[in-house]
Structures are given as C-alpha cells and as structure tokens.
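Asker: Below are the sequence and a predicted model; questions follow.
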Amino acid sequence: MALYFGDLLPYSSLLLEGLWTALYITLVAMLAGSALGVLVYLGKVGPGKPLSILCTCYIEAIRNTPLLVQLYLIYFALPALGINLEPVWAAIIGLTLNNAAYTAEIYRAGFESVPHGLREAGKALGMKSGQIVRYIILLPATRNVFPALTNQFILLFLASSIGSIISLPELTNAIMSVSNTTYRTIEVLAVGGLLYLGVSALMSLASKRAETTLFRWAVGTHV
C-alpha cells in the first residue's frame, strides 16, 4: 500500500489544536500537581500522625493504580454523586492528582539530599525558618530533582493521550478522528508520533537550558 500524506493537510489545524490542548492540560496539571506534591510531602513527614498516614495512603493509592482507572472514576463515577465535569476539567484533575503523588516522592528525594549540616549553618547565621526553607532547603532540593521533574513533565504530556478515552479533544483524539475520516491510519499515526516526539525533545532541551541558567542565576543572587 502506497503511503500518501496529502490527505492529512486539510486536518492539520485539527491536529495542532489537539496538540495545544494536550500541552495546556499538561502545563496546568504539572504546576498544580507540583504544588500539591510539595504539600503532600510536607504532610507525610510532618508531626501530625493522622495527616502523615493520610498522605502516605494517598501516594501509595495513586502510584499503584492505573491512571486510566483514576480518570474513569473522576469522569464516570463522580456523576453518580451529582458532580459532572467537562472532559477538560476531568483530565486536569486526574492528571493533577496523579502528578502530585509522583512529585511528592520526587521532592522527598530532593529534600533528603540536602545535608542537615546546611540547615544548622543557616541557623548559626541567624537566618529565619522561612529563609532556611527557601534558600537552604527548597532551592537546592529543586535543583537536585529538576531533571526528575522534567522527566515527569514529559511523562505527563504523553499520559495526556489517555484523555481521548473521555472524548477530550487532545492530540490522540484528533489523530483517531482524522484516521477514521481519511482511512490513512499509518500516515496519521506517523505524524502524531512525530508531534509527540518533537514536543518531548523540545521539552528536554528547554529543561537542560533552564537548569544551567535559572539555578545559576538563583545561586548567584542569593549567595
């Protein structure tokens, strides 16, 4: 069978719109999930035993169940409780909750990588607790786990394709729609795969550039 990509040209805008939707929900879920992940980690290691148990159970439950099942529960089970969500919001909430559990563990590794002696040195210099957390703990910890956070961002972008199951108009949904219309399955899957690959590669390159500039600036500013 001869391959022909010309039939896909009229649907290029649909594919790009799907790509934008995937990027949008990924960015929102990454930012919200990372912030929630820090809070979950702090709750897990905090002095409150009930909260620590709750956060630990949350992390284990999310990390040991498929994202697809979690998304099904949010989109199909919540309406039974009177909560109806649009596909975009269901995907954002599902990816955020999933991402929070993983980033909590990523930050755990980052915080534990900061030597305890640095905290004592901050106290000896008269730094306040907020300054110690911000400059001695949070900044170095984030720098240590930045590559892992980047990998999580890319994985989250790829996982956004699961949103097609609930009719989210993201890239995979657009790919399947174009395939069903044009019957150019191989061609449209190849184009879709290249779009995922290209964006993931750009994310990786941007992360490496950010790692060498942002943290250099932050350290130079606060040293």
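Answerer: Now that the structure is in, tell me what you want to look at.

Asker: contacts, neighbours, all on C-alpha from now
Answerer: Fine.

Asker: which residue packs closest to Leu16, ignoring adjacent ones?
Answerer: Distances taken as CA to CA, 6 or more residues apart in numbering place Leu171 nearest to Leu16, at 7.5 Å, with adjacent residues excluded.

Asker: residues contacting the one you found?
Answerer: Going by CA atoms under 8 Å, 6 or more residues apart in numbering, Leu171 touches 15-22, 161, 192.

Asker: What distance do you get for it to Gln152?
Answerer: Noted for Leu171: a distance of 19 Å to Gln152, by CA to CA, to the nearest Å.

Asker: longest helix of the protein?
Answerer: helix 185-222 (DSSP state H).

Asker: Averaging pLDDT per element, find the lowest-scoring helix or strand in the protein.
Answerer: helix 129-131 (a mean of 71; mean pLDDT, DSSP states H and E).

Asker: next structured bit after that one?
Answerer: Helices and strands here follow DSSP states H and E; after helix 129-131, the next one along the chain is helix 139-159.

Asker: Tell me the gap between the very next helix or strand once past that next one and the middle of its chain.
Answerer: Note on helix 139-159: by DSSP H and E, the next helix or strand toward the C-terminus is helix 171-182. When distances are taken as CA atoms, centre = their mean, to the nearest Å, helix 171-182 is centred 24 Å away from the chain's centroid.

Asker: What angle do helix 139-159 and helix 171-182 make with each other?
Answerer: Helix 171-182 and helix 139-159 are oriented at 20 degrees to each other (axes from the mean of the first three to the mean of the last three CA atoms, to 10 degrees).

Asker: Just give me the residue closest to the centre of this protein.
Answerer: Met30 (3.6 Å; CA atoms, centre = their mean).

Asker: contacting residues for that one?
Answerer: Here Met30 is in contact with 96, 99, 153, 156 (CA under 8 Å, 6+ apart).

Asker: For the second one, which non-adjacent residue is closest in space?
Answerer: In this case it means Asn99. Gly33 (5.1 Å).

Asker: burial measure for the one you found, as a count.
Answerer: A count of neighbours around Gly33, defined by other CA atoms under 10 Å, yields 27.

Asker: Could you tell me how far it is located from Ala206?
Answerer: 20 Å.

Asker: where does the protein have low pLDDT?
Answerer: 1, 214-223 (pLDDT under 70).

Asker: try 80 this time
Answerer: 1-2, 112-126, 128-143, 210-223 (pLDDT under 80).

Asker: Show me which positions of stretch 88-104 end up buried.
Answerer: 88, 90-104 (16 or more other CA atoms under 10 Å).

Asker: Off-centre distance for it?
Answerer: 7 Å.

Asker: Equivalent analysis for stretch 43-52, please.
Answerer: 24 Å.

Asker: which residues are contacting that stretch?
Answerer: 53-56.

Asker: Now a ChimeraX select for only the buried ones of these.
Answerer: Buried subset of these, written as a ChimeraX selection, criterion 16+ other CA under 10 Å:
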select :55,56
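
Asker: Dump the contacts of stretch 43-52 into TSV; add secondary structure as well.
Answerer: TSV is the format used below for the contacts of stretch 43-52 (DSSP: H, G, I helix; E, B strand; the rest coil):
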residue	secondary structure
Ile53	helix
Leu54	helix
Cys55	helix
Thr56	helix
